[in-house]
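> Predicted model follows, preceded by the sequence.
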Amino acid sequence: MFALRCASCHGTDLRGSLTVPSLLSELYAPDSFDDDAIRAVIRDGIEADDAAGASMPAIGGLSDEQVDAVVSHIRTVQDREGFEPAEP
């Protein structure tokens, strides 16, 4: 599901781009951005002021199970790759 709905912006490696933040940033570690926060961003989107300067539209049409699969994938990659320092 991540590959289909998220990777075009966040990259298959979760490292983002010049305009999209890396999901491997320590800003998105579970102790500062928990799974419910990820679910909320997927469902509701987020304004630039709220996401370290990046906005994201809501991703519609996903079931609860599909959203959970995206969250699980993000956490699995974060566990495997570790976290990068947040950009100043």
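Thanks, I have the structure now.
> Tell me the secondary structure at the residue sitting nearest the centre point of the chain.
Closest to where the C-alpha atoms of the chain average out (C-alpha atoms, centre = their mean) is Leu23, at 5.0 Å. Classification of Leu23 by DSSP: H, G, I helix; E, B strand; the rest coil places it in coil.
> for the chain, which spans come out with low pLDDT?
Residue ranges of the chain with pLDDT under 70: 49-53, 88.
> Val41 contacts Ala54, doesn't it?
No: with contacts counted by C-beta atoms under 8 Å, Val41 stays clear of Ala54, the gap being 10.4 Å. All C-beta atoms are positioned from the backbone trio N, CA, C, and that covers glycine.
> what about the helices in the chain?
If DSSP state H is used as the criterion, the helices of the chain fall at 2-5, 7-10, 35-44, 64-81.
> buried residues in the last one?
What it means is helix 64-81. The neighbour-count check on helix 64-81 (16 or more other C-beta atoms under 10 Å) flags Gln66, Val67, Asp68, Val70, Val71, His73, Ile74, Arg75, Val77, Gln78 as buried.
> Return the residues in contact with the residue nearest to the centre of the chain.
With contact taken as C-beta atoms under 8 Å, 6 or more residues apart in numbering, Leu23 is in contact with His10, Leu14, Arg15, Gly16, Ile74, Val77, Gln78.
> Okay then, goodbye and thanks.
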